[in-house]
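In: this is a predicted model, with the sequence first.
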Amino acid sequence: MTLEQILTFLQVARLGGVRRAAQQMHISQPAISARISGLESDLGVKLFSRGTKGVTLTKQGIILRGHAEQIAVALEHIKAEVVPAESKSSLLRIGVAETVAQTWFPEFLKRLSRTYPNLNIEISVDLSVNLRQGLLERAFDLVILMGPVSEYSVDNFPLPPFRLAWYKPLDMIDPDLSKTPIISYHRTSRPYRELNQELQTRYGSKAKIFPTNSLSAGFDMVATGIGVGLMPEALGERLVKEGRIASFDPGWVPLELEFTASFIAESKGTLPEVAAKIAQEAAFRFIESD
């Protein structure tokens, strides 16, 4: 039984399949299968039940996963305590929501790279609902999203909220929200749900929402006159200053958007936790200097 086999087993168990583990570990599926077969042979037990939808852990596999998770945590502790920060060359997979990606995220990356100059960073910008799922499936080490993630295994570091504001095309006067299309967050998001509920209460079924999974595209839709937008103020004010869109006040605005830096809480002092603290510091510093 080797450490390589144990860590490969853990990836398959976390991700629920050989193919996904192979993609994450950047090795072939036959190599993954060979390691698992060797481990099962050495232990004399079956660790996975194979099905059409992937693999599930057997009773013995569940027991082994607990030990494997402890081994993985011990390895992280070794790296944290023995390897100097400037020498670390681990891979940190970060998922980030677009709202953050377009504001203080570059400052976070600068601080993170300064702390860990040899760290390899893989970044994915996506919807918060997808980032949450990716974290729970271990496809990400750290996610910065509309949170918190309400799972017992996840720690959430609170980040500064984002205020929402109303924006309109430059030539539009006094928009009627019961008739004018409203461009906002994707339909799977909390802002979309809350906006939809508020519009139904105020205007009934007449109000129309044009959801988008790209805030940049949403602002472009407002600028070209397709409708008005309910967007993050931190992003919209830039375009107002550039003379591309205008702000307006219909008399109400939904609550601020809450964000968190979230990671699987395996132990204290792991790289994702340290990175989450750096993200928290960068975010609040950005807000203070804005």
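Out: Received the coordinates, thanks. Residues are numbered from 1 along each chain as shown.
In: now the longest helix anywhere in the chain: buried residues?
Out: Of all the segments assigned as helix in the chain under DSSP state H, the longest by residue count is helix 59-82. Taking 16 or more other CB atoms under 10 Å as the neighbour-count basis, helix 59-82 is seen to contain the buried residues Gly61, Leu64, Arg65, Ala68, Glu69, Ala72, Glu76, Lys79, Ala80. For every residue, glycine as well, the C-beta is placed using N, CA and C.
In: same check on stretch 26-44?
Out: Neighbour-count burial for stretch 26-44, with 16+ other CB under 10 Å as criterion, is recorded at Ile32, Arg35, Ile36, Leu39, Glu40.
In: swap in stretch 3-17?
Out: Along stretch 3-17, these residues count as buried under the neighbour rule (16+ other CB under 10 Å): 5-17.
In: now what about that stretch, what contacts it?
Out: Contacting residues not belonging to stretch 3-17 are listed as 18, 21, 24-25, 32, 35-36, 38-39, 42, 47-48, 54-57, 61, 64-65, 68-69, 71-72, 137-139 [CB atoms under 8 Å, 6 or more residues apart in numbering].
In: so which of those residues sit within helices?
Out: Here DSSP H is the test, and those give 18, 21, 24-25, 32, 35-36, 38-39, 42, 61, 64-65, 68-69, 71-72 as lying in helices.
In: could you report the distance from the nearest residue to Arg19 once chain neighbours are set aside to Leu43?
Out: Once its chain neighbours are removed from consideration, Arg19 has its nearest residue in Gln29; the separation is 5.9 Å (CB to CB, 6 or more residues apart in numbering). Applying CB to CB, to the nearest Å, one obtains 21 Å for the distance of Gln29 from Leu43.
In: element containing the residue lying closest to Phe140 once chain neighbours are set aside?
Out: Using CB to CB, 6+ apart and skipping residues adjacent in sequence, the residue nearest Phe140 is Gly95, 4.3 Å away. Secondary structure from DSSP states H and E places Gly95 in strand 91-96.
In: perfect, that will be all.
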